[in-house]
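K.L.:
Structure for this input, please:
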Amino acid sequence: MSRMLVGITGASGAAYGLRLVRELLTAGHEVAVLLTDAGRKVVRLETGLELPADVGRSQERLRQYFDADTRLCQYALDDFFAPVASGTSAPQAMIVCPCSMGSLGRIAAGLADNLLERAADVVLKEGKKLILVPRETPLNAIHLENMLRLCRTGAVILPAMPGFYQQPQTVGDLIDFVVGKVLDQLGVEHRLFGRWGEKA
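P.N.:
Sure, this is the predicted structure:
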């Protein structure tokens, strides 16, 4: 069992983040969630899941939603005393899914104005895996330069770009493809999509 940190920001694609949390819990991992205010609003808009602004109540609601126990926790964005704020207690990996271009840019700049940005900085400096899942199009030069800068520091840029060779039938199939690609990066086994060359 490993400790994973999932950040959900205000980019469209909240379903990717929720599906990822569910898969990590199903695989037996501990999952800590960081949710930006914009992320909370987008989760409600796109999925109908109401998460209170109060972190304690939000954590309780998330545990109900995922039918999870204490393996799922949530930290407040201003809680710089949370374990993930320090390299002495860094998670095995951090995934920001979906990742807004604002958050990506601030992480690329090395800013740490909130716990999500600080945790990403910690993961990078400790040589742990940082996966960013942007969902934005089109991209401008600033976006591309920020992604290149992060890639050069060891982060994985994994855009929410589903493949179609597995002939998806539902929106859920498209979500599963992207989440499966994240799980591949983490070395977590899954059967969320058929692999290239694999008979259906």
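K.L.:
Select the longest helix from this protein.
P.N.:
Assignment by DSSP state H gives helix 171-186 as the longest helix of the chain.
K.L.:
Mind giving me the packing neighbours of that one?
P.N.:
helix 14-26, strand 93-99, strand 129-134 (3 or more Cβ pairs under 8 Å, 6 or more residues apart in numbering; DSSP states H and E). In short, each C-beta sits where N, CA and C put it, glycine included.
K.L.:
for it, which positions count as buried?
P.N.:
174-183, 186 (16 or more other Cβ atoms under 10 Å).
K.L.:
list the contacts for the residue nearest to residue 15 when sequence neighbours are not counted?
P.N.:
In this structure, residue 15 finds its nearest non-sequential neighbour in residue 175, 5.3 Å apart by Cβ to Cβ, 6 or more residues apart in numbering. Counting by Cβ atoms under 8 Å, 6 or more residues apart in numbering, residue 175 makes contact with 15-16, 19, 162.
K.L.:
again with residue 29
P.N.:
1-4, 71, 188.
K.L.:
which one of those residues has the most neighbours?
P.N.:
residue 4 (23 neighbours; other Cβ atoms under 10 Å).
K.L.:
Now do the helix or strand that residue falls within: which elements does it pack against?
P.N.:
Element membership for residue 4 (DSSP states H and E) is strand 3-8. On a contact count with 3+ Cβ pairs under 8 Å, 6+ apart, strand 3-8 meets helix 14-26, strand 30-35, helix 37-47, strand 93-99, helix 115-125.
K.L.:
ok, residues contacting the fourth one?
P.N.:
By Cβ under 8 Å, 6+ apart, the residues outside strand 93-99 that reach it are 2, 4-9, 11-14, 16-17, 20, 84, 103-104, 107, 116, 119-120, 123, 128-135, 160, 182, 186.
K.L.:
quick one: buried residues of the helix or strand just after it?
P.N.:
Note on strand 93-99: by DSSP H and E, the next helix or strand toward the C-terminus is helix 101-108. Residues 101, 103-108 are the ones in helix 101-108 that count as buried (16+ other Cβ under 10 Å).
K.L.:
taking the mean pLDDT, what do you get for helix 101-108?
P.N.:
Averaged across helix 101-108, the pLDDT comes to 98.
K.L.:
before we move on, what about stretch 189-200?
P.N.:
85.
K.L.:
so where's the chain shaky on pLDDT?
P.N.:
Residue ranges of the chain with pLDDT under 70: 1, 199-200.
K.L.:
before we move on, the earlier item: report the backbone C-alpha coordinates of the longest helix of the chain in CSV.
P.N.:
Output of helix 171-186 as CSV, limited to C-alpha atoms (Å, rounded to 0.1, in the frame of the first residue of the first chain):
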residue,chain,number,x,y,z
VAL,A,171,-18.0,8.8,-22.1
GLY,A,172,-16.9,6.5,-19.2
ASP,A,173,-14.8,4.6,-21.7
LEU,A,174,-13.0,7.9,-22.6
ILE,A,175,-12.5,8.7,-19.0
ASP,A,176,-11.2,5.2,-18.2
PHE,A,177,-8.6,5.5,-21.0
VAL,A,178,-7.0,8.7,-19.5
VAL,A,179,-7.2,7.4,-15.9
GLY,A,180,-5.7,4.1,-17.1
LYS,A,181,-2.8,6.0,-18.6
VAL,A,182,-2.2,7.7,-15.2
LEU,A,183,-2.3,4.3,-13.5
ASP,A,184,0.3,3.0,-16.0
GLN,A,185,2.6,5.8,-15.0
LEU,A,186,2.1,4.8,-11.3
